[in-house]
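*Asks:* Sequence first, then the predicted structure:
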Amino acid sequence: MTAFLPQHESFFPGLYRKLRLKWDRRWYQYDYSHVSPLAILKDLPITDQFSLRWLKVVGQRVLDVLDNRSQLELHPQAGKQHKEKLSLIRELLDIGDASFDEAKQLILHAHITEILRFDGRFGAPANPGNSLQDYAELFRSIGLPPIHKDFRDDRAFAAMRVAGANPVMLQQLKKLDPRLPLTDEQFRIAAPQDSLDAALAEGRLYLADYALLDGAELGTYPNGQKYLYAPLALFVITGLKKELLPVAIQCQQKPGADNPVFTPNDGCNWLIAKTIVETADGNIHEASTHLGRTHLTMEAFVISSYRQLANHHPLSLLLWPHFEGTLAINKASWQHLIADKGGVDKLFGGTIQASRSVAVHGVQSTRVMNDLLPLTFAQRGVEDREAFPNYPYRDDALLYWDAIHEWVSAYLRLYYPNDVEVRGDIELQAWIRELSSTDGGRIKGLPNEGTVRQLSELIEIATFVIYTCSVQHAAVNFPQYDCMSYVPNMPLAGYRPAPRSKSGATEADFIAMLPTLDMAELQMELGYLLGTVHYTQLGQYAADQFLDPRVAGPLQQFQKRLADIGTKIAERNQSRRAYETLAPQGIPQSINI
């Protein structure tokens, strides 16, 4: 056996174990100023830098980005520079691992880091687009995603709420919201064979509320005034097919004469209102749902695990593959993407301070034991598959949650035959205590004020961690290409204020609210790079990860369940709008991009 609980170590191995952990705590220290007040790693050890294999995977996507950028470039000299960089990176990627020395790896790392900064010259000009075709033509060597064909359609807009980048916003209404004064006549525009009273009484109304953005300071960098609102969007499940449809949108929280309720018969004003919702959704998605609730929340778990769990602790062996690359990609995120004048500052509707505050809220609003996946659907009133039959994210994600829960339970029971062993594990107790401590990970919602008393509690926590690092991150990361790289579907900032009346807007007004072409190119490049890098695969552990022969059976069962999930998802996609995001081959083990 290679995994031992600390209480079962003999004297000398136990002494070495303690000394090794003491050493690790010197390397892995918390910092609360990088993304204040969150717990972030102070300095990244060299052993946690991006691996050569990761650099090569990402390097292939960097080539696509640079190739696309060079084809957009109008200035010959700049185009030549893009091509020279392309040639150098391609040459590095063609070198075999055996001849890949440290200097070449540093060169490749430097070029990839430069792209991650997204502060170089763009191929497209800093001008507004004149038509949708201008935004489609940004895609050259990067493929134009299918969403460009039907993003105007109300059904496609509704599908983004249940199978898009941020499929966690819908909340069932128990009573009408006074902030959204809607009449039955307005309701029937979207659902003429239905009624507002019936939909409410039968629990078929759902609200997407973006109040978190209310009062956000608006950004101006780099191309002038941007706009970001906190809309309310109402949806109904209606008809024999129990179809989800948008009913009404109000662009700001407080009703008033200059903040009308838009409905599907409002022409381009309706299209603009939907786009304002998509912009809000994109800002909350990127800062809170994606960065905050996956990347930055898991950062504390990674640090505490390295500091408090010996490398041959059973929990450490279980979690380590799901932490690979997370500290490195998070460092790149806070150093470049959410830095002043970084990619987020350029793209998002709010100031960089506003965006960082949304990310912080994402972490601080996470309550581990209350945010176990099945509970989140029940809390939002969307758990009933008969009442809400078409929710691809929910249905596919729950398959994985159950499979991971079964795997974690079977694995941990090998080492913790009873709750006494759990309570007697000093490393485990130090881990959970540090996670919840104000001078540790600052994670909220852990049980018993920072102690684990029962194996069942540990199983839930470990399931939450592995699910978040793999499936949840995949669910919110990879749609960045499919749903967000084509800017007219989900611009991350508006460039015109919201309409104040229900009529009068034109196609030109819609185009005018979209980002300038250079910012659309940046959003496309970022979405493509982050949304297409698949490094490692859930359930595919290294051959020497678990040398305890007792693990083989549970692991094989886990891998079989993952394969069965893939078959199930493929079958589901025959009878629904295809949702490929959570196909098993597309889910990495860890947050590594």
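*Replies:* Looks like it came in fine. Residues are numbered from 1 along each chain as shown.
*Asks:* Stretch 483-496 spans what distance, first to last residue?
*Replies:* 22 Å (CA to CA, to the nearest Å).
*Asks:* That one: how far from the chain's middle?
*Replies:* 17 Å (CA atoms, centre = their mean, to the nearest Å).
*Asks:* SS state for S409?
*Replies:* The local conformation at S409, judged by DSSP: H, G, I helix; E, B strand; the rest coil, is helix.
*Asks:* Surely it is in contact with L458?
*Replies:* No: at 9.7 Å, S409 does not count as touching L458 under the criterion of CB atoms under 8 Å. C-beta here means a position set from N, CA and C on the backbone, and glycine is covered the same way.
*Asks:* which of these two has more neighbours?
*Replies:* Taking neighbours as other CB atoms under 10 Å, S409 and L458 compare with L458 leading, 22 against 17.
*Asks:* now the more buried one, nearest residue through space, not along the chain?
*Replies:* V452 (5.2 Å; CB to CB, 6 or more residues apart in numbering).
*Asks:* and what of Q171?
*Replies:* R380 (5.0 Å).
*Asks:* Quick check: that neighbour vs L138, distance?
*Replies:* 36 Å (CB to CB, to the nearest Å).
*Asks:* quick one, which of the two is more surrounded?
*Replies:* Per other CB under 10 Å, whichever of R380 and L138 has more neighbours is L138, with 26 against 15.
*Asks:* quick one: contacts for that one?
*Replies:* 68, 72, 124, 517, 520-521, 524 (CB atoms under 8 Å, 6 or more residues apart in numbering).
*Asks:* can you rerun that using 6 Å?
*Replies:* Going by CB atoms under 6 Å, 6 or more residues apart in numbering, L138 touches 520-521, 524.
*Asks:* Next: V465.
*Replies:* Counted by CB under 6 Å, 6+ apart, V465 has contacts F301.
*Asks:* change it to 8 Å
*Replies:* Per CB under 8 Å, 6+ apart, neighbours of V465: 298, 301, 319, 322.
*Asks:* leaving aside the residues next to it on the chain, what's closest to the second one?
*Replies:* Translated: F301. V465 (5.5 Å).
*Asks:* Please identify the helix or strand for that neighbour.
*Replies:* Assigned by DSSP states H and E, V465 belongs to helix 455-467.
*Asks:* What average pLDDT does that helix get?
*Replies:* The average pLDDT for helix 455-467 rounds to 98.
*Asks:* Give the next helix or strand downstream of that helix.
*Replies:* Taking DSSP H and E, what comes next after helix 455-467 is helix 473-477.
*Asks:* what's the average pLDDT for the helix or strand just after that next one?
*Replies:* The element immediately downstream of helix 473-477 (helix or strand, assigned by DSSP H and E) is helix 479-482. For helix 479-482, mean pLDDT rounds to 98.
*Asks:* Same question for stretch 428-440.
*Replies:* Stretch 428-440 carries an average pLDDT of 98.
*Asks:* ok, now stretch 317-331?
*Replies:* 97.
*Asks:* what about it, start to end distance?
*Replies:* 24 Å.
*Asks:* Identify the residues contacting that stretch?
*Replies:* Under CB under 8 Å, 6+ apart, the answer for stretch 317-331 is 2-3, 40-41, 44, 48-51, 54, 295-296, 298-299, 301-303, 305, 309, 311, 408, 411-412, 462, 465-466, 469-470, 535-536, 541-542, 545-546, 589-593.
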